[in-house]
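> after the sequence you'll find the predicted model.
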Amino acid sequence: MNAAVTLAADYPLLDVFWTTLWIFLWILWFMLLFRIITDVFRDDDLSGWAKAGWMIFVVFLPFLGVFVYLIARGKGMGNRELSAARQSEQAFRSYVQEAAGGGGSTVDQLARLGELKTSGQITEEEFQAAKAKILAS
C-alpha cells in the first residue's frame, strides 16, 4: 500500500483553470453539435438526401462538418429558430385565449352576452357593464 495519494493541494490553480476551460469547451461543443443536428431535421427545405449528407458529414468529420454547416447555413439556422419560437408563442397565445374564453370576435362575444341576458342569467346592469367592457377592448 505504497500508492501515492494526490491531494487537492497538489493540483495547481492554473491546472484547475485549464481543466475547467476544457470541460466548458467540451460541453459547448456537444451543445453546438446537437443544435446543428436538430436544425438539420427541422429544416423543411432540405430533402431527405441532403439531410442524410449533412448528418454523415457532421458525424464522420465532426469539426469540419460543424464549421462548414455554420458557414453555409448559419444565418438560416437563426431564422428557423426565430420562426419556431414565433409559432410556439402564437400557439400558446391562442391556447390561452381559448382556455380563458376570450376567443372569438366582438360580435360573437356580444351574441353570447345577449343570450345570457335573455336566459335571465345576468341582469340588465351586468349586461351593460359587460357590453361596455367588450366594446372598449
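Nice, thanks for sending it over.
> just the mean pLDDT for the helix or strand where residue 107 lies, thanks.
With the criterion set as DSSP states H and E, the secondary-structure element containing residue 107 is helix 106-118. Across helix 106-118, the average pLDDT comes to 85.
> next one: stretch 84-97
The predicted model assigns stretch 84-97 a mean pLDDT of 88.
> secondary structure element holding the one residue sitting closest to the centre of the chain?
Compute the mean C-alpha point of the chain, and by C-alpha atoms, centre = their mean the closest residue is residue 85, 5.2 Å away. When secondary structure is defined by DSSP H and E, residue 85 falls within helix 62-100.
> report the distance from that helix to the chain centre.
Its chain's average C-alpha position is 7 Å from that of helix 62-100, according to C-alpha atoms, centre = their mean, to the nearest Å.
> which strands and helices sit next to it?
Judged by 3 or more C-beta pairs under 8 Å, 6 or more residues apart in numbering; DSSP states H and E, helix 62-100 is in contact with helix 13-42, helix 48-60. Yep, even glycine has a C-beta here, placed from its N, CA and C like the rest.
> make CSV out of those and add mean pLDDT, mean neighbour count and distance to residue 79.
Written out in CSV, the entries for the helices and strands packed on helix 62-100 read as follows (pLDDT from 0 to 100; neighbours: other C-beta atoms under 10 Å; distance: least, C-beta to C-beta, whole Å):
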stretch, mean pLDDT, mean neighbour count, distance to residue 79
helix 13-42, 92, 12, 10
helix 48-60, 93, 13, 17
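> just put those in TSV and tack on distance to residue 119.
Below are the helices and strands packed on helix 62-100 laid out as TSV (distance: least, C-beta to C-beta, whole Å):
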stretch	distance to residue 119
helix 13-42	49
helix 48-60	57
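> for residue 120, find the nearest of those.
Ranking these by distance to residue 120, with C-beta to C-beta as the measure, places helix 13-42 first at 53.3 Å.
> now that closest one against helix 62-100, angle please.
60 degrees (axes from the mean of the first three to the mean of the last three C-alpha atoms, to 10 degrees).
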